[in-house]
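> got a predicted structure here, sequence first:
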Amino acid sequence: MFRFLHPLAAQVTYTRWLHLLMPSAVVSVWLFISMDTPWVPVVLAALVGLIPGMRLAEGFQAQLLLTPAERGDPDATISVAPSTSWSERWRTALWLEVRLLCAGLAGLATVWLPATTFDLVRSSALGSRPSDEWLAGGLEAHWWAAILAPVPLLFMLAVIVGCGELITAAARWLLGPTPAQRLTVLEERTEQLLERNRIARELHDSIGHALTVAVVQAGAARAAGDPEFTERALVAIEETGRDALEDLERVLRVLRESGKPPGQRPSLSEAARLLDSARGAGATVDAEVSGPLEQVPGSVSREGYRILQESLTNALRHSGTVPVRVRITVAEGRLELEVTNPFTGSTSTPGGGSGLRGIRERAALLGGNAKTGLYGGEWMVHASLPLDRIR
């Protein structure tokens, strides 16, 4: 019993009723002007449905009144966008015809059935025969006609609920997003997920690198017991922390200002800063750069910088202040980046962390590949990125 009464307590039932009655009001005005041409609203609805903006207006109204819970949801079953093809225009025209039909049923039930109830009550009170020939015409004047008075109202409520469900299903079918629109929403969501993943990698690479360098430098200064070395270590920690704060502020700006372009991210032209930071931590860095680095596309150069940053961080974190060889080569349409260092074996093999996974993801997104692992007693990170085939 409660299952059948539940729709009557739902707010959406009455917003759908309002949606059904709106065309009835317009048609009633026309019929008041000209009873001899009831077909005119039907023809006008079909023609108006071919206007691109009408799909936007109808979609907004249907989403607001028929499915209010989906308002603002990117996965809404009713789209709010103008027609972009003739297929959408014809579907909008058909939607307007269906809406007129449902509005006629709901409008008729809203006016006629309450009038029947009033007629039954009047008949029982005054003792006159009911004037409605459809539902109550066969009834004689009697007091028990008042008992039947609620029946038309209950039937009206059933018609309202049924027509509301019918018009909502029609709206989802005729005004719903097309496969192209669904694909666009999916692509936008994928871009958002990729951006979040990129921001997570930015934070991991930048802040992780700064903290690793600071920890290594502080440990080395404490063990050295040399005031001059300690002074240099503190300066290096200060510079590294300041750079990390700048990177953090840039990433947070991206989060705060959604839709605006992020600040300039570091590229391989600033690789010297990373190398100096690693040297300041006590590592001996042998760097070799060959080829026109300035001709590397910005996206490749920026991701290459992050790959180099994570590689140096990985070397300092797992092997300490060991000699590190860095080779950056631009030749034959590719950027080759290789970082190798002796693996001391004092810690677990660094193969499963999110940093190394991020290196491989960055390379794959650019259409390249990255290899990480132990080779001949040395830990190596090798990334090969194409310069003209960016995915």
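Thanks, I have it.

> hey, let's count contacts and neighbours off CA atoms from now on
Will do.

> just the buried positions in the helix or strand containing Arg55, please.
Per DSSP states H and E, Arg55 falls inside helix 52-65. Buried residues in helix 52-65, counted by 16 or more other CA atoms under 10 Å: 52-56, 58-65.

> in CSV, list those residues along with pLDDT and distance to Ala9.
Formatted as CSV, the buried residues of helix 52-65 follow (pLDDT from 0 to 100; distance: CA to CA, whole Å):
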residue, pLDDT, distance to Ala9
Pro52, 87, 36
Gly53, 89, 34
Met54, 89, 32
Arg55, 89, 30
Leu56, 89, 30
Glu58, 89, 26
Gly59, 89, 25
Phe60, 89, 24
Gln61, 89, 22
Ala62, 89, 20
Gln63, 88, 20
Leu64, 88, 18
Leu65, 89, 16
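
> Pro7: which of those is nearest?
Comparing the buried residues of helix 52-65 against Pro7 with CA to CA picks out Leu65 as the nearest, at 15.0 Å.

> what sits against that closest one?
By CA atoms under 8 Å, 6 or more residues apart in numbering, the contact set of Leu65 is Val12, Thr15, Arg16, Leu18, His19.

> how near is it to Leu108?
20 Å (CA to CA, to the nearest Å).

> what are the buried residues along the host helix or strand of Phe32?
Taking DSSP H and E as the criterion, Phe32 maps to helix 11-33. By neighbour count on 16+ other CA under 10 Å, the buried set for helix 11-33 is 12-21, 23-24, 27, 31.

> next one: that helix to chain centre, how far?
35 Å (CA atoms, centre = their mean, to the nearest Å).

> all helices of the stretch 201-350 of the chain, in order?
Assigned by DSSP state H, counting those that start in this stretch, the stretch 201-350 of the chain shows helices spanning 227-256, 271-280, 298-319.

> any chance of the ones you listed in TSV, plus mean pLDDT and mean neighbour count?
Formatted as TSV, these follow (pLDDT from 0 to 100; neighbours: other CA atoms under 10 Å):
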stretch	mean pLDDT	mean neighbour count
helix 227-256	72	16
helix 271-280	81	19
helix 298-319	82	23
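
> distance to Ser87 added to those helices, as CSV?
Formatted as CSV, the helices of the stretch 201-350 of the chain follow (distance: least, CA to CA, whole Å):
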stretch, distance to Ser87
helix 227-256, 39
helix 271-280, 54
helix 298-319, 40
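
> roughly how far apart are the residue nearest to Ala221 when sequence neighbours are not counted and Ala224?
Leaving aside its chain neighbours, Ala221 sits nearest to Thr230 (4.8 Å; criterion: CA to CA, 6 or more residues apart in numbering). Look at Thr230 and Ala224: by CA to CA, they are 8 Å apart.

> same thing with Ala93?
82 Å.

> what about those two, which has more around it?
Ala93 (24 against 12; other CA atoms under 10 Å).

> my guess is that one contacts Val48, does it?
Yes: using CA atoms under 8 Å, Ala93 makes contact with Val48 at a distance of 7.1 Å.

> confidence score at Gln181?
Looking at Gln181, its pLDDT stands at 68.

> check the one 4 residues further on too.
If you check Val185, the pLDDT there is 68.

> got a list of what Cys102 touches?
The contact partners of Cys102, taken as CA under 8 Å, 6+ apart, are Leu20, Cys163, Leu166, Ile167.

> change it to 7 Å
Leu20, Cys163, Ile167 (CA atoms under 7 Å, 6 or more residues apart in numbering).

> from the residues you listed, which single one is nearest Ala76?
Nearest to Ala76 among these, counting by CA to CA, is Ile167 at 16.0 Å.

> quick check: that closest one is in a helix.
Yes: counting by DSSP: H, G, I helix; E, B strand; the rest coil, Ile167 is part of a helix.

> okay if I get the contacts of Leu65 as JSON lines plus pLDDT?
Listed next are these as JSON lines, based on pLDDT from 0 to 100:
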{"residue": "Val12", "pLDDT": "86"}
{"residue": "Thr15", "pLDDT": "89"}
{"residue": "Arg16", "pLDDT": "88"}
{"residue": "Leu18", "pLDDT": "88"}
{"residue": "His19", "pLDDT": "88"}
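
> as TSV, these with distance to Ala370 would be great.
Shown next, in TSV, are the contacts of Leu65 (distance: CA to CA, whole Å):
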residue	distance to Ala370
Val12	55
Thr15	57
Arg16	57
Leu18	61
His19	58
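
> domain parsing of this structure, as residue ranges.
Domain ranges of the chain: 2-177, 183-386, per automatic domain parsing.

> and Met35, what pLDDT?
70.

> and what of the one 10 residues further on?
What the model reports as pLDDT for Ala45 is 83.

> ok, the closest residue to Leu148 other than its chain neighbours - how many residues close by?
Spatial nearest neighbour of Leu148, excluding adjacent residues (CA to CA, 6+ apart): Leu120 at 7.3 Å. Other residues near Leu120 come to 30 when the count uses other CA under 10 Å.
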